[in-house]
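A.B. asks: how does the following fold in three dimensions:
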Amino acid sequence: MCRIVKSRFKKDNTEPFVIERRKECAKCEYNSLNAQKIPYFKRVLIMLSDFYSFITGNKEEDSLGNCLACEACSIYYKSAEELEDCKLGKWKSRQKNQ
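C.D. replies: Residues are numbered from 1 along each chain as shown. Modelled structure (predicted):
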């Protein structure tokens, strides 16, 4: 989770692995943009994430939804971190793949 917070201050990562992860997340049923119902606690986490994106000046870029399979992390930031894993196993950390 700390890695996700720090990632909000990095320059956007547009490497091919990031683009592929984001495509995978866009069609996932655990993406908050695809969810029919979001538990209250996760909605609160999403609101905090959105607020954090707003105060760091990244609200426009951070529009890919949040992952409901984990701690409602921003997909925009989680997918750009090389050392992050998808909790559902749809993609793995790049360090573990090497």
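A.B. asks: so where's the chain uncertain?
C.D. replies: Within the chain, the ranges that satisfy pLDDT under 70 run 1-12, 96-98.
A.B. asks: the nearest residue in space to Glu82 that is not next to it in sequence: neighbour count?
C.D. replies: Distances taken as C-beta to C-beta, 6 or more residues apart in numbering put Arg94 closest to Glu82, at 4.3 Å, once the chain neighbours are dropped. Just so you know, the C-beta spots here come from the backbone N, C-alpha and C atoms, and that holds for glycine as well. Residues near Arg94, counting by other C-beta atoms under 10 Å, number 16.
A.B. asks: try Ser49
C.D. replies: Neighbours around Ser49, by other C-beta under 10 Å: 22.
A.B. asks: was I right about the residue nearest to Glu82 contacting Leu83?
C.D. replies: Yes - between Arg94 and Leu83 a contact is recorded at 7.3 Å, counting by C-beta atoms under 8 Å.
A.B. asks: what about the residue nearest to Glu82, distance to Ala69?
C.D. replies: According to C-beta to C-beta, to the nearest Å, Arg94 stands 19 Å off from Ala69.
A.B. asks: alright, calling it a day.
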